[in-house]
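Engineer: Sequence plus the predicted model coming up.
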Amino acid sequence: MSKHSKHTEAGLTAAAAIDVDEITGRRRMRRTRVADWSRRLVRETRLSVDDLIWPIFIIPGTNITEPIDAMPGVSRMSVDKAVEAAKMAADLGIPALATFPNEEMDRRDATGSHVLDPDNLINQATRAIKKAVPNLGIITDVALDPFTDHGHDGILRDGEIVNDETVRQIAAAAVHQADAGADIISPSDMMDGRIGAIRRALDASGHQNVAIMSYATKFASACYGPYREAIGTSGLLKGDKRTYYLDPSNAIEAVRDAGLDVDEGADMLIVKPGLPYLDICRALKDSYGLPTFAYQVSGEYSMIKAGAAAGYIDGERIMMEKLLAFKRAGCDGILTYFAPEAARLIGKGLG
């Protein structure tokens with residue numbers, strides 16, 4: 001017998017003398033993991049179609065579906081095609097869409113004034129979708145970046161994004177969006193005081209039942225690149241947005257910032273981006289108890305798609321695992337470009 005064999009035999013003899021049941025104290029965690037039925041029976045967190053909000057991109061024209069290179073599987077759509085997409089979403093059980101425009105360049109200026117046009121792309125899409133699918137929720141953003149010629153979320157004056165003038169403009173835009181049929185106004189601009197101003201404007205205009213889903217904590221992230229391509233601002237942006245977006249280092253400030261939105265009348269809160277900020281999702285839910293959502297942003301989506309296309313990861317499993325992570329962190333729902341794919345998998349019992 002070799003020296004190695006003697007050592008192996010001695011080790012096995014020693015192991016056999018160990019009372020494993022005594023060590024585990026008869027608490028064997030694996031008992032509920034043995035079968036699929038028992039894993040389902042004790043599952044703590046569940047993802048459903050009701051948790052999904054689908055962001056879509058609108059462009060001018062008719063009968064246009066325009067693929068977005070940086071976001072495989074996602075396209076910009078003319079309003080008529082967006083209506084078709086909305087019908088599909090409703091058939092899948094998705095409760096709401098979030099719409100974002102890619103306006104023509106001649107409609108963009110330093111103040112984003114076209115946001116105040118009652119017939120801009122966002123409002124056209126809302127009216128058309130609401131007419132075709134009245135029971136589907138429509139969430140609209142009043143940030144100015146799709147309407148400015150500099151790509152920022154607010155009005156640019158002498159190199160500065162001015163807060164109060166921007167707030168007045170987006171509050172007025174919120175009324176136009178509600179007039180068009182938006183169910184939820186979801187401001188992503190991160191200007192101070194915007195939630196209170198929008199709430200007052202909506203109420204004064206008879207839109208007391210239109211809710212506000214605030215981008216309460218929107219971080220200065222590197223994950224927004226594909227989205228900026230989708231709305232046509234990637235080549236416009238001069239400088240960055242760190243003067244008004246949150247510093248990724250600051251969790252306490254994020255909670256304080258969200259608290260101001262709660263005090264001003266926000267009905268729901270969004271954390272953006274999602275996965276890098278699961279701690280913020282949990283902190284907001286625990287601190288305020290409001291319906292809390294994560295935005296799984298374009299960079300997160302595109303990284304999963306790229307990894308799956310290269311064969312490095314199982315795209316469907318990664319997609320569902322990350323969506324589930326938002327729920328586990330306390331989110332009531334997720335804005336995700338994966339919404340139709342995820343809804344189909346959940347419908348097959350694969351969620």
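Structural biologist: Noted; the coordinates are in hand.
Engineer: Which parts of stretch 121-137 count as buried, going by neighbours?
Structural biologist: Neighbour-count burial for stretch 121-137 flags 121-130, 133, 136-137 (criterion: 16 or more other Cβ atoms under 10 Å). Just so you know, the C-beta spots here come from the backbone N, C-alpha and C atoms, and that holds for glycine as well.
Engineer: can you list contacts of it?
Structural biologist: By Cβ atoms under 8 Å, 6 or more residues apart in numbering, the residues outside stretch 121-137 that reach it are 53, 58-60, 79-80, 82-83, 86-87, 89-90, 94-97, 99-103, 117, 138, 140-141, 176-177, 179-184.
Engineer: and what of stretch 298-313?
Structural biologist: In contact with stretch 298-313 (Cβ under 8 Å, 6+ apart) are residues 70-74, 221-227, 230, 273-275, 314-315, 318-319, 322, 336-338.
Engineer: just the buried members of these?
Structural biologist: Neighbour-count burial within those applies to 70-72, 74, 221, 223-227, 230, 273-275, 315, 318-319, 322, 336-338; the criterion is 16+ other Cβ under 10 Å.
Engineer: Of the contacts of stretch 121-137, just the buried ones, ChimeraX syntax please.
Structural biologist: Applying 16+ other Cβ under 10 Å to the contacts of stretch 121-137, the buried members can be selected in ChimeraX as follows:
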select :53,58,59,60,79,82,83,86,89,90,94,95,96,97,99,100,101,102,103,117,138,140,141,176,177,179,180,181,182,183,184
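Engineer: Now go through the contacts of stretch 121-137 and say which are in strands.
Structural biologist: 53, 58, 96-97, 99-101, 138, 140, 184 (DSSP state E).
Engineer: Now do the SS call for the residue nearest to the spatial centre of the chain.
Structural biologist: The chain has residue 295 as the residue nearest its centroid, 1.7 Å off, counting by Cα atoms, centre = their mean. Three-state call for residue 295 (DSSP: H, G, I helix; E, B strand; the rest coil): strand.
Engineer: can you give me the strands for the stretch 151-300 of the chain?
Structural biologist: 155-157, 160-162, 184-185, 211-218, 268-272, 292-296 (DSSP state E, counting those that start in this stretch).
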